[in-house]
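Q: Here's a sequence, model it:
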Amino acid sequence: MTHLSNTRKTLLLLGTGALLALPMVLSQSLVNASIQMLIAVLFAASFNLLSGQGGMLSFGHAAYFGIGSFATVHAMNAFGGNGLLPTPLLPLAGGAMGLVAGLAAGWFATKRTGVYFAMITLALAELLHSLAPHLKGWFGGEAGLSTMRMPAWGLAFGDSNQVYYLTLFWVLLSLALLYLFTLTPVGRLTLGLRENANRLRFLGYDTHRLGVLVFAVSAMFAGIAGALQALNMEAANYVVFESSASAAVVLNSYIGGVKIFLGPALGAAVMTFFGYAVSDLTRSWLLYQGIVFVLVMMFLPTGLAGLIKSFATHSKTYGLRALLPIALAFVIGTLLLAGGTVFTVEMLQRFFSQDYRSMAALNGGGWPAIALFGREWDPISPLTWLAPAALLVAGIATARLANGRWLHLKDTTAAIDAPATTATNVRRKPA
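A: So this is what the prediction gives:
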């Protein structure tokens, strides 16, 4: 069994303490955003059990999130609105329905692997999305279903802070259970299912039954995440079954890094906050999200969590003093490239927008200046486009310089270590 190091335990305690203190320092709008981040974290962690650990890439995981959400709304509306369970225990209803749905869908989906498995999960989710508006008794039609949180255990659950702490409790509990699952014999076999299912089958294990179990457990925790969403929104709508929701959890998980347990949680938290912060500033925020995903897949295949782990490892190997200037150069280069990209995208988005064409027509066919970053830019002036070009060139040059310094540091360290390694081997070699 793998035990957490003292450093990791300390970081977990500090992180938990920070999460507990957040509502005391944040505004209500940011508390609501934090609730969404926590829900996204649990949803990504549940997906990672299936995809990252089990090696089964699902394109329809939003189905079990949505089932958990609607099951919770029905549980809240039961007995004349008094609820099937006390409000703090309602996520159990979402988890139970997610588990049942996961067993049923997993039995079919896990009969195939690879692309075929992914297509089956996508087909099941799209089937549910298509049927949901027509099943008004279950899903409320296009209007969805609404409900209200009822007081329980001396708590009214009328403000965002109480909902935040309820969400935090269930997310931390679920993450702990998911982590403990990875330490069980079944969790270890799940890794084998990802690495070499044929070998497991040769050793006598029933890989189909194992796949169904992993699928069901993953769907159960996705259902709990959906239940928390229903508790937060006090409503559920069939749009939770849309393919965009399934795509979002895939992107968040791989941006964070699926090979590390908390990687998808990190990616979900970062990208949810990114959407909250940027969506009101620009219409192109989904484009930026896609660019981030592509760049991470190209240059950081282990994700953001892998980058942090790599930096910590290299700091021990090469020393923090030697590594910090290189990391700083990479950050500066990234910021310059991001600045040039954002400038270009925002200028082009405004230039080709319908509003700008209407303004140009009113201007007698001329090209009026475009307001961006607090000043006016002439879209046909070469100086306007020289600014993003300069940022991009400077960013590329800085990144190449940082990469050169990094390669030089590795070569220098290897050259220093080589004689010592050779001498050690000579001493060990028998006469």
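
Q: who touches the helix or strand where Ser174 lies?
A: Ser174 belongs to helix 160-183 when assigned by DSSP states H and E. Here helix 160-183 makes contact (Cβ atoms under 8 Å, 6 or more residues apart in numbering) with 1-2, 16, 19-20, 22-23, 28, 31-32, 34-35, 38-39, 41-42, 45-46, 49, 53, 87-88, 91, 149, 155-157, 187-188, 190, 217, 221, 224-225, 228, 231-232, 261-262, 265. For glycine as for every other residue, the C-beta is placed from the backbone atoms N, C-alpha and C.

Q: again, only using 7 Å
A: 1-2, 16, 19, 23, 28, 31-32, 34-35, 38-39, 41-42, 45, 49, 53, 88, 91, 155, 157, 187, 217, 221, 224, 228, 231-232, 261 (Cβ atoms under 7 Å, 6 or more residues apart in numbering).

Q: what do you get for stretch 221-231?
A: By Cβ under 7 Å, 6+ apart, the residues outside stretch 221-231 that reach it are 39, 42-43, 45-47, 61, 64-69, 72-73, 90-91, 93-95, 97-99, 149, 163, 166-167, 170, 174, 178, 236, 240.

Q: Tell me which of the contacts of helix 160-183 fall in strands.
A: Among the contacts of helix 160-183, none falls in strands (DSSP state E).

Q: In helices, which of those appear?
A: Members of the contacts of helix 160-183 lying in helices (criterion: DSSP state H): 16, 19, 23, 28, 31-32, 34-35, 38-39, 41-42, 45, 91, 187, 217, 221, 224, 228, 231-232.

Q: Any of these buried? List them.
A: Buried subset of these (neighbour count, 16 or more other Cβ atoms under 10 Å): 19, 23, 31-32, 34-35, 38-39, 41-42, 45, 91, 187, 217, 221, 224, 228, 231-232.

Q: packing partners for the helix or strand hosting Ala394?
A: Per DSSP H and E: Ala394 is located in helix 382-428. If you count contacts as 3 or more Cβ pairs under 7 Å, 6 or more residues apart in numbering; DSSP states H and E, helix 382-428 packs onto helix 320-351.

Q: The helix it packs on packs against which elements?
A: helix 303-318, strand 370-372, helix 382-428.

Q: What are the contacting residues of the second one?
A: Same thing as strand 370-372. 346-347, 350-351, 377, 379.

Q: again, but for stretch 334-346
A: By Cβ under 7 Å, 6+ apart, stretch 334-346 touches 282, 284, 287, 372, 387-388, 391-392, 394-395, 398.

Q: Go through these and name the one nearest Arg209.
A: Among those, Leu287 lies closest to Arg209 (Cβ to Cβ), at 42.8 Å.

Q: follow-up on the earlier one: nearest to Met359, out of the helices and strands packed on helix 320-351?
A: strand 370-372 (9.6 Å).

Q: What residues sit buried inside that closest one?
A: Ile370.

Q: ok, now stretch 320-335?
A: Buried residues in stretch 320-335, defined by neighbour count with 16+ other Cβ under 10 Å: 322-323, 326-327, 329-330, 332-333.

Q: tell me how far that stretch is from the chain's mean position?
A: Its chain's C-alpha centre and that of stretch 320-335 lie 25 Å apart, by Cα atoms, centre = their mean, to the nearest Å.

Q: Skipping its backbone neighbours, what lies nearest Ala390 in space?
A: Excluding the flanking residues, the one nearest Ala390 by Cβ to Cβ, 6 or more residues apart in numbering is Gly340, at 7.7 Å.

Q: same thing with Lys410?
A: Using Cβ to Cβ, 6+ apart, the closest residue to Lys410 is Tyr318 (7.8 Å).

Q: Domain-wise, how is this protein divided?
A: What automatic domain parsing lists as the domains of the chain is 6-282, 319-428.

Q: Would you mind checking the average pLDDT for the last one?
A: Right, the one you point to is domain 319-428. Average pLDDT, domain 319-428: 84.

Q: Same check on stretch 262-276?
A: For stretch 262-276, the per-residue pLDDT averages 90.

Q: Show residues contacting that stretch.
A: 33, 36-37, 40-41, 43-45, 47-48, 52, 251-253, 255-258, 285, 289, 303-306.

Q: In CSV, list the C-alpha atoms belonging to it.
A: C-alpha atoms of stretch 262-276 as CSV (Å, rounded to 0.1, in the frame of the first residue of the first chain):
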residue,chain,number,x,y,z
LEU,A,262,-5.2,15.0,-8.4
GLY,A,263,-4.2,16.1,-11.9
PRO,A,264,-7.8,16.2,-13.3
ALA,A,265,-9.0,18.0,-10.2
LEU,A,266,-6.3,20.7,-10.8
GLY,A,267,-7.3,21.0,-14.5
ALA,A,268,-11.0,21.2,-13.6
ALA,A,269,-10.4,23.9,-11.0
VAL,A,270,-8.2,26.0,-13.3
MET,A,271,-10.4,25.7,-16.4
THR,A,272,-13.6,26.4,-14.5
PHE,A,273,-12.1,29.5,-13.0
PHE,A,274,-10.8,30.4,-16.4
GLY,A,275,-14.3,30.2,-17.9
TYR,A,276,-15.7,32.2,-15.0
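
Q: Now do it: distance to the chain's middle.
A: 5 Å.

Q: returning to that earlier point: got the contacts of stretch 334-346 as a markdown table, with distance to Asp411 columns?
A: As requested, the contacts of stretch 334-346 are exported to a markdown table (distance: Cβ to Cβ, whole Å):
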| residue | distance to Asp411 |
| --- | --- |
| Thr282 | 42 |
| Ser284 | 41 |
| Leu287 | 38 |
| Leu372 | 43 |
| Ala387 | 37 |
| Pro388 | 35 |
| Leu391 | 30 |
| Leu392 | 29 |
| Ala394 | 26 |
| Gly395 | 25 |
| Thr398 | 21 |
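
Q: Name the nearest of these relative to Ala132.
A: Leu287 (28.7 Å).

Q: Not counting its neighbours along the chain, what's nearest that closest one?
A: Closest residue to Leu287 apart from its sequence neighbours, by Cβ to Cβ, 6+ apart: Val345 at 6.5 Å.

Q: Give me the number of neighbouring residues for that neighbour.
A: 16 (other Cβ atoms under 10 Å).

Q: One more: Arg405?
A: Arg405 is flanked by 16 other residues according to other Cβ under 10 Å.

Q: Repeat that for Leu409.
A: Should you count by other Cβ under 10 Å, Leu409 turns out to have 18 residues around it.

Q: and the gap between it and Ile416?
A: 11 Å (Cβ to Cβ, to the nearest Å).

Q: now do Pro301
A: Separation of Pro301 from Ile416 (Cβ to Cβ) stands at 29 Å.
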